[in-house]
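[1] sequence first, predicted model second:
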Amino acid sequence: MTRHRDRNRSARFKELLPIFAIVLTVGAIAALTVLAPRLDRAEKASADASTSPSAEPAPTTSGSPRPLPEFKKLAAPPAIAKVPKKPKIDPCAAPRDITVMTFNIKGGKVSPGELGGIADVIRASGADVVLLQEVDQNRRRSGNVDQPAIIASHLGMQSVFGANDWITDRGGYGNAILSRFPIDGSGNTHLPNRGGKEQRGVLRADIIVSGQRLVVFNTHLDHTSDSLRRTQIGAVMSKVGAYDGAKILGGDLNSGAGSGVLGAVLGSLSDAGASLGASHDGGGRVDYLLPNSWLAAGDGRVSPTRLSDHHAVSIDFAVRGAADC
């Protein structure tokens, strides 16, 4: 009985062998179909990586690192030339010669036609900087014209005007400064006053003379009260003292030599025209040019005219820049 069963099992196994062989064959073919493309791509990638010029070199087995490739050295860019500094001006090396004039033109009561005559007086003196007092700007009594601008136009100069009294909504009366050199800035300051008195002022102009600043002050003090003039000159000198460098004060001080007004000025400025004599038709000397030690005075002139009761006073200066030059 047992032998019979063994024979039956052996016969069934033999019958199933062809089927198993077919299944294994089909499975093997399927596996090769799926895996073959993947293996092929992997082999190509490995080959490309080994032959690529950008691939990093494999580390050596000797333990010492492979030296890095040498890079090409680039030439350094050319150095940028430094901007040269502006040379410092030696105030003592080259004096700057200028001529300054002060001229009271009689209350601005000249006609427009006479302004050319005033310009002629200035031109004849060779003045580079001019201080005018009693000047009108757009006032009816003097023809409604801008007097400082017209005079300056005759001379090819610049001008600034300081109104101390406004007669109408557009007409002014005061002082003016004219300059052949550039005017870099200006300002007008009213001086102390008393009721009923004419308002006075001090006009300032910053003038550039060959690269150096010269501060010019022009004033006209009260003509009726010595005590008021003393108060006014104190305010003027306070203004003058606020500026450093080369500076000059000029104008009609309505005070003579030996006066308290002049004494207050000579503490820090000098009287450049002390030897010039009278500057007024009445015989007195009231018109001054008063520089500080940065200016050295030269020749001076007093020019009487028929255009005003004051004479034109002009003095040559060398702007040296320091007291010890």
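    The structure has been received and is ready for your questions. Numbers count the residues shown, from 1 in each chain.

[2] quick check: closest non-adjacent residue to residue 204.
    Spatial nearest neighbour of residue 204, excluding adjacent residues (Cβ to Cβ, 6 or more residues apart in numbering): residue 187 at 5.1 Å. Glycine gets a C-beta too; all of them are placed from N, C-alpha and C.

[3] in the helix or strand that contains that neighbour, what's buried?
    Element membership for residue 187, per DSSP states H and E: strand 183-190. With burial defined by 16 or more other Cβ atoms under 10 Å, the residues of strand 183-190 counted as buried are 183, 186, 188-189.

[4] which one of these sits closest to residue 95?
    Nearest to residue 95, judged by Cβ to Cβ, of those is residue 183 at 21.3 Å.

[5] show me what contacts the residue nearest to residue 204?
    Applying Cβ atoms under 8 Å, 6 or more residues apart in numbering, we find residue 187 in contact with 162, 203-204.

[6] coming back round to it: the strand holding residue 187: what's the following helix or strand?
    strand 201-209.

[7] run me through the strand neighbours of that next one, direction for each.
    strand 183-190 (antiparallel), strand 212-220 (antiparallel) (DSSP bridges).

[8] got JSON lines for the ones you listed, with mean pLDDT too?
    What follows is those, written out as JSON lines (pLDDT from 0 to 100):
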{"stretch": "strand 183-190", "mean pLDDT": "96"}
{"stretch": "strand 212-220", "mean pLDDT": "95"}
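
[9] ok, residue 204 touching residue 215?
    Yes. Between residue 204 and residue 215 there is a contact under Cβ atoms under 8 Å: 6.5 Å.

[10] ok, residue 280 touching residue 287?
    Yes. Between residue 280 and residue 287 there is a contact at 7.3 Å, judged by Cβ under 8 Å.

[11] contact partners for residue 239?
    189, 202, 204, 217.

[12] and it, how far from residue 316?
    25 Å (Cβ to Cβ, to the nearest Å).

[13] in this structure, where is pLDDT below threshold?
    Counting by pLDDT under 70, the chain contains low-confidence ranges at 1-18, 20-21, 23, 26-94, 108, 168-169, 322-325.

[14] show me where it has strands.
    96-104, 129-137, 158-166, 172-179, 183-190, 201-209, 212-220, 246-252, 287-291, 295-303, 312-319 (DSSP state E).
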